[in-house]
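1. would you be able to build a 3D model of this:
(chains A, B and C)
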Amino acid sequence: MAAVQETIDQVRQIDVDQYKYGFETEIEVDKAPKGLSEDIIRFISAKKEEPEWMLEWRLEAYRRWLTLEEPSWARVHYPKIDFNDLYYYAAPKGTTGPKSIDEVDPEILKVYEKLGIPLREQEILAGVQKSKIAVDAVFDSVSVVTTFKEELKKAGVIFMSISEAIREHPDLVRKYLGSVVPTTDNFYATLNSAVFTDGSFVFVPKGVRCPMELSTYFRINEKNTGQFERTLIIAEEGAYVSYLEGCTAPQRDENQLHAAVVELVALDEAEIKYSTVQNWYPGDKEGKGGIYNFVTKRGDCRGKNSKISWTQVETGSAITWKYPSCILRGDGSRGEFYSIAVSNGHQQIDSGTKMIHLGKNTSSRIISKGIAAGFSENTYRGQVSTHRKAENARNFTQCDSLLIGDKCGAHTVPYIEARNSSAHFEHEATTSKISEDQLFYCLQRGIPEEAAIALIVNGFVREVIQELPMEFAVEAQKLINISLEGSVG
Amino acid sequence: MLEIRNLHARIAEDGTEIIRGLNLTVKAGEVAAIMGPNGSGKSTLSYVLSGREDYEVTEGDILYNGESILELDAAERAAKGLFLAFQYPVEIPGVATMQFLKVAMNEQRKARGEDELTTPDFMRRVKEAAAKLQINTEMLKRPLNVGFSGGEKKRAEILQMALLEPSLCILDETDSGLDIDALKIVADGVNALRSPDRAVIVITHYQRLLEYIVPDSVHVLYKGQVIKSGGKELALELESNGYADIIDAAA
Amino acid sequence: MNIQTTNRLTVAEAALVEAYNEQLSDLPGDGAVFAARDRLLDDLKTGGLPTRRIETWHYTDLKSLLRNVPARDRRAVAEATAPLVAGSEVLVVRQGVADLRSNVDAFEIRRYAESLIDGSAAAGLTALDFDDAIGRINGSFVRDGFVLDIPADAELKAPIELQVSHGAGQVHTRFPVNFGAGSKATVIERHRAVSENAAFVSTISDIALHDGAEITWIIFQSQGEFDTHLGQIRVNLGKDAKLRLFVINAGGKLVRQEIQISVTGEGADLTLRGINLLGGDTHTDVTLNLGHNVPHTTSTEIVRNVVFDRAKGVFQGMIRVAPDAQKTDARMACNTLLMTDDGEFAVKPELEIFADDVQCGHGATVADIDDNHLYYLMARGIPESKARAMLVNAFVDEIVEELEDEALVEALEDVIATWLEKHA
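-> Model prediction:
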């Protein structure tokens, strides 16, 4: 059908000039020397004024990392990374940690303004409702400002950069850091444990419902610099928190590494909702440049009836390697994973989740929507497993892929492991393209092709979009449309 | 309003000719019924008229209000007021019917250089039209055609027709899969849209629908051609004698 | 790359190397065949047996599961038995040796050992890829089997039963079968043990369906409780060819059945049905690797598993749709009944899609028997154990009934009933 051929051609032409966040900002920086060594780790730790135990923790991870090999099982291909050709620390000059907004370099404030991220403590308008969103802004290796800290403090919620938390709440950090993703976990997590520079720390005490959305915006600005963020969120008994992260980076010819670790801990009856809108620079139309996004995210439903829900909208990065997971340890705990992964150009995505059922009466739900266009490769990889003692484990998985054009690939690799007769697992996966019947139906109603494809794609991802906090749902939908621009409005 | 001249059309993929020199004229205000046995080209005609790209016109022309529409794509034809009620309306998961209606109405308005509808205005129109067709607005919150019964789908088609206010309506086997009550509701909906500046083409296999939507003219389609035309009594004749006599006479 | 270098061989690996040296003097084959054998054994020696780090062996770590390999037992005997379906054309392999007494009129037949001796088998002695341990083992050790050539347009009324029986030790067979254009036939590939002595069995069926051939192929594996069975079927499906492949596993201690299918003709269709009856302390793996390589081809796969005792089961199903294979329609389902808390089943249904105009899907469920169904039967006065047995039976029987051929359905139903009686 000619119309569809046209669409394919348009998609083929897509370059990532659509990327709206590719600007670069000239800011004076403090950098650690290039390369990775124990000295660099000592440098980072000293910059952050960390206690001795933290330095030791890092060094131990580093020594371990030296013995590990880069994983190769994912369906992604990239030239070997020279880990000694990177900067591991870059911070705007004179900044070692967050300040009050008035002290922040105006150039940096401009960056966030341009990205549309509110750093002033203001109410933002979302639909008809006004709401507050607290923001932690991480610029290269440091957090530059955290908003609404005082107001949150009144509610008992701690929200600050992890560097500050290490200094101000060492006991809490020490208790939980590495308790979900141990320093020995995997190549990138171990590397992160050695060199992480900043990230967010959230602690919601017993019985507290966090009064506003929390969010962190990550911006990579500096050249040849890896970003190694570390986020730790703890919800005590009966607590609730909803957290969102957003990510952008300038357009550059070389690849940049982002290797984050996120740990979530939910105690009895607690609930954590973690949403990601990932829009790192994806590289240009030839596949040059872009971020390598190698991320370990894991939530531990430690308490009974606790709940952790991951929602992700992945549109950026040259390569994504990411499996936000849930360990369903507490009896009656629940894990959820909702994902939209859009790949275009030469992007490669290998993403999914793990649901590890350990406790009794645990349940999990996985909804994954992959959209592949251009020359991209889009893989869903997910594991659902039960422990022998995990009675009445329940899982439902729905995993759909949509292909736009015939030069891309969509792959589904589920691992389903049952070890208890009372387990009940259901898995469904489909791969298809936008049907010609659907397209013609829309056209016949006077909807032009681009708008029709946008409409159908939005319908395809709706189940997941609905899981995002209201404030971000509209934004995410726009982002998906932009990512597929050329084929959709 | 519509003039089809010596139309030849084939399936693009394999070149099978389906429409073979078809001539047909439908005037404004007229309700024309097109009847014919299975495989005579009825559905193909509806697709060719509405601009489906799986079919190629190899000869002849389609004039709509005096202009050829062969070069227009399906969306452009729709914006000019051509509406096809599908025999099998497709399901579009995740797209709420309401959202779909709004996009369709506004895209057509945009194409015609008109302002988009405000949300309250849009809602009012939908509610009124839905009430007439006995459609529960709850149904319109559901994804388009997903999980609709056969009757609901057909009513949703007529609802769209009412809202988009086309000047040429093509109903492709709208009676298939409808029980008698649903048929009456759908027919009432169509009859309500009859007006001197609007033409309707009713494609059907049986005479049943024509008892409720009484046509001004009846055309018999066979092997891609109109082999006989007449008044509404032609439909009754077909009902009692079948197609064989007419086909033999034409042969 | 999945090559690993092992400095030290495991007990089983060392036993394989030794077995090769020991058998070298009387393995059949010409120079080309031995060159191929040497190469395969060498790859096996340097690569080692696959571990769970190799994706296609993720759930069957052969290196650790295969503790030892029995030596070839020259004295073991294995008598043939009555065919599964009465009236079948039975071709017997006893203790690894093909017993060809008379020729068959309807098709060409010869011993595989002859093609090893004359070298015509050399080209087939290959590993499909780096991970093909079965190809390596079988290629190194294979001694006999049958080469069948079914002429074009032949319609074989009676099923052919390839009956492979063993008493102990090692048995390595191969069955290259060529189905001519438009031919129709049913083949039953049957592997059975006649004693309780441990055996190490490898077998490869290498079959080609030419244009329009319509074939039913049944693999019925009922090895002994100490046996290792490594089976592989390589299939090439030509234009408009239709293959109904039915795999039933009801025995063995360590079993891996690989199904490697390449669909290379437009209009071809594959129907794969599998039943795994798993009990005791066993490990059974069915791995499918299906390539839809040309446009307009279809496939459906349904695998049903019943797990008792401490049995472990695996189903891996990879469907690959090549870039030009538009209009592929492929559907896969894997359903498992876990009857005990000590049993395990792992499913990995993979889709790898490079064409956009396709319909592909897979579904997997793991569950216990539906309580509502159980309750319903019990409410009608059927005791629980009986009711359970009925439901398990119904779960797998649904698939058997698809075979339509009455005698075949009955024979397989018998097999299932007998197995369930013993294990349930």
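
2. contacts, neighbours, all on C-alpha from now
-> Noted.

3. most centrally placed residue in the chain?
-> Let's take chain A. A:Thr276 (4.7 Å; C-alpha atoms, centre = their mean).

4. ah, no, chain C please
-> Residue closest to chain C centre, computed by C-alpha atoms, centre = their mean, is C:Gln257 at 3.9 Å.

5. so that one is in which element?
-> Assigned by DSSP states H and E, C:Gln257 belongs to strand C:254-263.

6. does stretch A:448-464 reach chain B?
-> Yes. Using C-alpha under 8 Å from any C-alpha of the partner chain, stretch A:448-464 reaches chain B at A:448-449, A:455-456, A:458-463.

7. pLDDT weak spots in chain B?
-> Low-confidence segments of chain B (pLDDT under 70): B:251.

8. switch to 80 and redo it
-> Low-confidence segments of chain B (pLDDT under 80): B:177, B:250-251.

9. so C:Asn372 belongs to a strand, correct?
-> No. C:Asn372 is assigned helix when assessed by DSSP: H, G, I helix; E, B strand; the rest coil, not a strand.

10. for C:Ala387, see how far away it is.
-> To C:Ala387, C:Asn372 is 12 Å away according to C-alpha to C-alpha, to the nearest Å.

11. quick one: which of those two has more around it?
-> For C:Asn372 versus C:Ala387, the count of surrounding residues by other C-alpha atoms under 10 Å in any protein chain shown is larger for C:Ala387: 19 against 9.

12. tell me the confidence at the more buried one?
-> You'll see C:Ala387 listed with a pLDDT of 85.

13. in the helix or strand that it is a member of, what counts as buried?
-> C:Ala387 belongs to helix C:384-401 when assigned by DSSP H and E. Using 16 or more other C-alpha atoms under 10 Å in any protein chain shown as the test for burial, helix C:384-401 gives C:387-388, C:390-393, C:395-397, C:399-400.

14. returning to what we had before: let me know the closest of the residues of stretch A:448-464 next to chain B to chain B.
-> A:Gly459 (3.7 Å; C-alpha to the nearest C-alpha).

15. contacts only, for the residue nearest to the closest one when sequence neighbours are not counted.
-> Excluding the flanking residues, the one nearest A:Gly459 by C-alpha to C-alpha, 6 or more residues apart in numbering or on different chains is B:Gly94, at 3.7 Å. The neighbourhood of B:Gly94, defined by C-alpha atoms under 8 Å, 6 or more residues apart in numbering or on different chains, consists of A:456, A:458-463, B:143-144.

16. can I get the residues you listed in CSV including neighbour count and secondary structure?
-> Shown next, in CSV, are the contacts of B:Gly94 (neighbours: other C-alpha atoms under 10 Å in any protein chain shown; DSSP: H, G, I helix; E, B strand; the rest coil):
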residue, neighbour count, secondary structure
A:Ile456, 22, helix
A:Asn458, 19, helix
A:Gly459, 18, helix
A:Phe460, 23, helix
A:Val461, 26, helix
A:Arg462, 19, helix
A:Glu463, 18, helix
B:Pro143, 20, strand
B:Leu144, 25, strand
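
17. partner residues bridging the residue nearest to the centre of chain C?
-> According to DSSP bridges, the partner residues bridging C:Gln257 are C:Gly231, C:Val286.

18. hang on, C:His229 packs against C:Ser202?
-> Yes. Using C-alpha atoms under 8 Å, C:His229 is in contact with C:Ser202, at 5.9 Å.

19. so the residue of the stretch 251-400 of chain A found nearest chain C is in which element?
-> Nearest residue of the stretch 251-400 of chain A to chain C: A:Arg388, at 6.5 Å (C-alpha to the nearest C-alpha). Here A:Arg388, judged by DSSP H and E, is contained in no helix and no strand.

20. host element of the most centrally placed residue in chain B?
-> Centroid check for chain B by C-alpha atoms, centre = their mean gives B:Ile170 as the closest residue, at 1.9 Å. Per DSSP H and E: B:Ile170 is located in strand B:168-172.

21. the stretch 51-200 of chain B: strands as residue ranges?
-> Along the stretch 51-200 of chain B, counting by DSSP state E, counting those that start in this stretch, strands occupy B:55-64, B:67-68, B:82-85, B:92-96, B:143-144, B:168-172, B:199-204.

22. other residues contacting the first one?
-> What it means is strand B:55-64. Contacts to strand B:55-64, defined as C-alpha under 8 Å, 6+ apart, come from residues B:1-12, B:21, B:47-49, B:68-70.

23. so which of the residues you listed belong to strands?
-> Among the contacts of strand B:55-64, DSSP state E puts B:2-11, B:21, B:68 in strands.

24. hmm, the residue of the stretch 251-400 of chain A closest to chain C is touching A:Asn420, no?
-> Yes. In this structure A:Arg388 lies within contact range of A:Asn420 using C-alpha under 8 Å: 5.2 Å.

25. which of those two has more neighbours?
-> A:Asn420 (27 against 19).

26. give me the distance between the more buried one and C:Phe107.
-> Distance from A:Asn420 to C:Phe107, by C-alpha to C-alpha: 50 Å.

27. and what of B:Pro89?
-> Here B:Pro89 is placed at a distance of 53 Å from C:Phe107 (C-alpha to C-alpha).

28. so the two - more neighbours on which side?
-> B:Pro89 (18 against 14).

29. so who does C:Val255 touch?
-> C:Val255 makes contact with C:228-231, C:283-285 under the criterion C-alpha under 8 Å, 6+ apart.

30. need the max-distance pair from these.
-> The distance between the two most remote of the contacts of C:Val255 (C-alpha to C-alpha) is 13.8 Å, for C:Gly231 and C:His283.

31. okay, stretch C:338-350 in PDB with CA atoms only?
-> C-alpha atoms of stretch C:338-350 as PDB (Å, rounded to 0.1, in the frame of the first residue of the first chain):
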ATOM      1  CA  LEU C 338       2.400 -27.900  38.000                       C
ATOM      2  CA  MET C 339       1.100 -30.700  40.200                       C
ATOM      3  CA  THR C 340       3.600 -30.500  43.000                       C
ATOM      4  CA  ASP C 341       5.500 -27.800  44.900                       C
ATOM      5  CA  ASP C 342       8.800 -29.600  44.200                       C
ATOM      6  CA  GLY C 343       8.300 -29.600  40.400                       C
ATOM      7  CA  GLU C 344       9.600 -26.700  38.300                       C
ATOM      8  CA  PHE C 345       8.800 -25.500  34.800                       C
ATOM      9  CA  ALA C 346      10.600 -22.700  33.000                       C
ATOM     10  CA  VAL C 347       9.300 -21.100  29.800                       C
ATOM     11  CA  LYS C 348      11.100 -18.900  27.400                       C
ATOM     12  CA  PRO C 349       9.000 -18.100  24.400                       C
ATOM     13  CA  GLU C 350      11.000 -15.700  22.200                       C
END
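
32. now for residue 21, how many residues are close by?
-> You didn't say which chain, so I picked chain A. By the criterion of other C-alpha under 10 Å, A:Tyr21 has 19 neighbours.

33. you answered for a different chain; I wanted chain C.
-> 10.

34. same deal with A:Asp85?
-> For A:Asp85, the number of neighbouring residues by other C-alpha under 10 Å comes to 14.

35. and what of B:Gly177?
-> With other C-alpha under 10 Å as criterion, B:Gly177 counts 15.

36. enumerate every residue touching it.
-> Shown in contact with B:Gly177 (C-alpha under 8 Å, 6+ apart): B:150-151.

37. please report how far it lies from B:Ile135.
-> 18 Å.

38. excluding its backbone neighbours, what's nearest the residue in the stretch 151-251 of chain B that chain C sits nearest to?
-> Closest approach between the stretch 151-251 of chain B and chain C, counting by C-alpha to the nearest C-alpha: B:Lys153, at 24.5 Å. Excluding the flanking residues, the one nearest B:Lys153 by C-alpha to C-alpha, 6+ apart is B:Asn145, at 5.9 Å.

39. next up, the contacts around the one you found.
-> Taking C-alpha under 8 Å, 6+ apart as the criterion, B:Asn145 is in contact with B:89-92, B:97, B:152-153, B:156.

40. cool, A:Asn361 as well?
-> Contacts for A:Asn361 (C-alpha under 8 Å, 6+ apart) come out as A:331-333, A:390-394.
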